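> take a look and give me a structure for this.
(2 chains)
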Amino acid sequence: MSRGAVVRRAAMRRAGLRTRVTAGFTAGALALSTAIALVSYQVTRSSLLAERERTAVRAAYLDATVVQAGLAADRPDILEILRSLDTGGNRRAMLHLDGEWYARNLDAGITDSIPAALQQLAQSGQPVVQRVRAGGQPALVVGVPLAPGTTFYEVDSLVELQNTLRVLAIVLTLVALSTAVAAASLGRHATGYVLRPLRRVTDAAQEITDGNLTARLDPTDEPDLARLTTSFNGMVDQLSARMQRDRRFAADVSHELRSPLQTLEAAASVLARRRDRLDQRTAVAVDLVNAEVARFQALVNDLIELARSDQPAERSPVDMVDLARQVCRTHQVSPEVVVAEEGAARVWEVDRRRVTQLLSNLVENALRHGGGPCAVRVGSEPDGHLLTVEDEGPGIRAEDREVIFDRFVRGRAAHVRGAGDGTGLGLALVAQHAAAHGGRVDVTDRPGGGARFQIHLPASPQ
Amino acid sequence: MTGVLVIEDDDRIRLSLVLALEDEGYEARGVATAEEGLVEQRSRPADTVLVDLMLPGVDGFECIRQLRRHDGVPIVVVSARDDTHDIVAALEAGADDYLVKPVAIKELSARLRALRRRGRTLDPEVTMATLVFGALEIVPDGGEVRLHGEPVALTRTEFRLLCELAQHPGRILSRQQLLQRVWDHTVGDERLVDVHVGRLRQKIEHDTARPRYLLTVRGLGYKLQR
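Take a look at the predicted model:
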């Protein structure tokens, strides 16, 4: 795997598909709701302001008419006229007459809020409207020129409108945020829902990997999922049918080979018993037949064992020191060579039959190529068990170490000695049995000469 | 001379096995079908029976069951099938041992010798007085077992297994130890022990799910409780 791929995979592990989709949903919803909120705020604000402006202008003109009518009288009392206006709490009326300001007492000082530019414009006979700040509050100024040198002003407070807009802004923000939150939970829920069948596929695949070939996906009515379910189940059906065919074939072959072998074995033993009475040539032939029957038998058994490679290990607690001693006795090797390393567990959770064969094959290998095992150690390593078989033979050449665990590879030493009596499958089976336990085998030089085979098994079965 | 009956439908295997077993000192006879074997065993009982599983007509499993109905003669399966399923089924039907073809004649002979040993076990030092476990009485020398005073019919292998456990009351014997002492296996199949323990329980236990005498010690083996 390239470095880039590793980095990519790490990044994917940091943010899963679900997280990414949820984040996308949230970001999209937030952007959309924010945009909608901003637009609605702007539209509402400008329409409310326009409405307010129209009302203010209409009221100012109405009042201006009253003021103009009052000014038409002889010696008019301007303050009285202004007081007579019904301006409510929000509007303040002022009159600018020949450079003098007239206003009700209540409204004194408000004239400062009318910008000079606006006054000039009004004085030139132009009706004016402008938004200003009066005493720190937003307000609307409407100026109505009554006559040259005479302008009627009204200042209309916009505080209420501003409050309304503030409430609107808060409401819209809350709506935008809750939309985003809702989208996040929707995204999470939706991806969970969509990914559920994927998780079911994963579970089923895992179950099948673990050896349960009857595991299938439940049929579904969902049209989109039905195809996945059907094709997945179809694939598993085909796979398991094929595996069963293979297994049946192995069983058939084994049966067909074993029956004639039984005849050969029994007949050869009858011949061997009468070896002394045979002439020398026949005796040699009988020996050859016997040796080859034995080898053929071993070969058939090893082949059958290899054909069963997919079967999971049947674990039970096994006292490895006892087992190793037993295996040594079976091969006429002194059980003294078995060493229980200090601090290492003696009892392992393993498949007794397979580990027996594994150890048997290593001991046999040591007998055949290394003059017999000089040590069989039951030990441990940081994360598991360690089984070591050492011999004092010529060792394994570095270039051979890769291939000796392949099928039908025999030691060069055996080649030299001309005693090709192994099946060529012994070490392949060792590797396979180790793998069935989730472990592995390797070979190194023994310090002081010879080969050192080591089986590494995880302590806790995965 | 001791008699071995070989029930095997393959003529060549049957002939070669009979020849080889005669060489080993057994008086061996061969028949090709289960039906013939059952008749032969009733008229001239052999003291060990070898049986193949795949037989025409009545198959090996049924043959074992029918043989078992009459007596406790040691039955050894010699089959080319090595499925766990077949092995357990044959043992449950009543077989005493299971060998996968091709079996070496030396090994077959050793197994037969082990099965033909009488109830007396290997250790002659142990006094063979009647052993009492509650309502269960075992007479190793007489080959007798009584439960509440009633005799219990055990096969020779079941009896030897029970005696082995009875000689070490309350002590745990591992499956491997039992394989070695009862069957003479050096490296053997532990299912042999488990199936025989199950069969034994059906004969001596009131409730096989909650045994009173023959207890399983998880991960270690079995023991017989006083």
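
> contacting residues around the residue nearest the centre of chain B?
The C-alpha lying nearest the average C-alpha coordinate of chain B belongs to B:D96 (CA atoms, centre = their mean; 2.5 Å). Applying CB atoms under 8 Å, 6 or more residues apart in numbering or on different chains, we find B:D96 in contact with B:P74, B:I75, B:V76, B:L115, B:T155, B:R156, B:T157, B:H196. Yep, even glycine has a C-beta here, placed from its N, CA and C like the rest.

> average pLDDT for the lengthiest strand in chain A?
Ranked by number of residues, the top strand in chain A under DSSP state E is strand A:137-147. Per-residue pLDDT over strand A:137-147 has a mean of 87.

> measure the residue lying closest to the residue nearest to the centre of chain B once chain neighbours are set aside to B:L115 for me?
Nearest non-adjacent residue to B:D96, counting by CB to CB, 6 or more residues apart in numbering or on different chains: B:T157, 4.2 Å away. Note on B:T157: its distance to B:L115, by CB to CB, to the nearest Å, is 6 Å.

> common neighbours of the two, please.
B:P74, B:D96, B:D97, B:W183.

> so of the residues you listed, which ones are in strands?
Those of these mapping onto strands are B:D97, per DSSP E.

> the shared contacts of B:T157 and B:L115, buried ones only, as a ChimeraX selection?
Buried members of the shared contacts of B:T157 and B:L115, defined by 16 or more other CB atoms under 10 Å in any protein chain shown, are picked up in ChimeraX with:
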select /B:74,96,97,183
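
> widest-spaced pair of the shared contacts of B:T157 and B:L115?
Longest distance between any two of the shared contacts of B:T157 and B:L115 is 10.7 Å, between B:P74 and B:W183; criterion CB to CB.

> chain A: helices as residue ranges?
Along chain A, the stretches classed as helices by DSSP state H are A:3-14, A:17-71, A:78-84, A:116-123, A:159-209, A:223-273, A:280-307, A:320-330, A:352-370, A:412-417, A:426-436.

> could you tell me the least trusted of the ones you listed?
helix A:412-417 (a mean of 44).

> list the contacts for the residue lying closest to B:A114 once chain neighbours are set aside?
Leaving aside its chain neighbours, B:A114 sits nearest to B:D184 (3.6 Å; criterion: CB to CB, 6+ apart). Applying CB under 8 Å, 6+ apart to B:D184 gives the contacts B:A110, B:R111, B:R113, B:A114.

> just to revisit the earlier point, overlap of the contact sets of B:P74 and B:W183?
Contacts common to B:P74 and B:W183, judged by CB under 8 Å, 6+ apart, are B:D97, B:L115, B:T157.

> ok, those vs chain A, which is closest?
For these, the closest approach to chain A (CB to the nearest CB) belongs to B:D97, at 16.1 Å.

> residue contacts, the nearest residue to the closest one once chain neighbours are set aside?
In space, B:D97 comes closest to B:V76 once its chain neighbours are excluded; the distance is 4.7 Å by CB to CB, 6+ apart. For B:V76, the contacting residues are B:48-51, B:95-99, B:108, B:111-112, B:115, by CB under 8 Å, 6+ apart.

> min pLDDT across these, which one?
Comparing the contacts of B:V76 by pLDDT, B:L115 comes last, at 84.

> neighbour-wise, which one of the contacts of B:D96 leads?
Greatest neighbour count in the contacts of B:D96, by other CB atoms under 10 Å in any protein chain shown, goes to B:I75: 27 neighbours.

> chain A contacts on chain B?
By CB under 8 Å from any CB of the partner chain, the residues of chain B that approach chain A are B:10, B:12-13, B:16-17, B:19-20, B:23, B:78, B:80-83, B:100-106, B:176, B:186-187, B:189-190, B:219.

> could I get the contacts of B:V76 as TSV with distance to A:L71?
Shown next, in TSV, are the contacts of B:V76 (distance: CB to CB, whole Å):
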residue	distance to A:L71
B:T48	144
B:V49	142
B:L50	141
B:V51	137
B:A95	133
B:D96	136
B:D97	135
B:Y98	130
B:L99	134
B:L108	141
B:R111	138
B:L112	143
B:L115	140
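
> from the residues you listed, which is closest to chain A?
Once CB to the nearest CB is applied, the member of the contacts of B:V76 that ends up nearest chain A is B:L108, at 8.8 Å.

> what is the burial count for residue 168?
Chain wasn't specified; assuming chain A. 16.

> that's the wrong chain, I wanted chain B
B:H168: 13 neighbours (other CB under 10 Å).

> OK, contacts around it?
With CB under 8 Å, 6+ apart, B:H168 has these contacts: B:K223, B:L224.

> what of A:G426?
Taking CB under 8 Å, 6+ apart as the test, what A:G426 contacts is A:D302, A:N361, A:E364, A:N365.

> any idea how many residues pack against the first one?
For A:D302, the neighbour count with other CB under 10 Å is 20.

> does it touch A:V430 like I think?
No - counting by CB atoms under 8 Å, A:D302 stays clear of A:V430, with 10.9 Å between them.

> and the residue of the stretch 51-200 of chain A found nearest chain B, what does it touch?
Nearest to chain B, among the residues of the stretch 51-200 of chain A, is A:R200, at 30.7 Å (CB to the nearest CB). Shown in contact with A:R200 (CB under 8 Å, 6+ apart): A:L217, A:D218.

> now do it against A:P382, distance only.
For A:R200, the distance to A:P382 equals 37 Å [CB to CB].

> how about low-confidence regions in chain B?
B:1-2, B:118-128, B:186-188 (pLDDT under 70).

> where do the strands sit along it?
So, for chain B - with DSSP E - the strands run B:2-7, B:26-31, B:48-51, B:75-79, B:97-100, B:131-133, B:136-139, B:144-147, B:150-151, B:214-217, B:221-224.

> ok now the fifth one, how far from the chain's centre?
Here the centre of mass of C-alpha atoms in strand B:97-100, compared against the chain's by CA atoms, centre = their mean, to the nearest Å, lies 11 Å away.

> that strand pairs with which strands?
When sheet partners are counted by DSSP bridges, strand B:97-100 sits next to strand B:75-79 (parallel).

> same question, the first one
On the basis of DSSP bridges, the sheet neighbours of strand B:2-7 come out as strand B:26-31 (parallel), strand B:48-51 (parallel).
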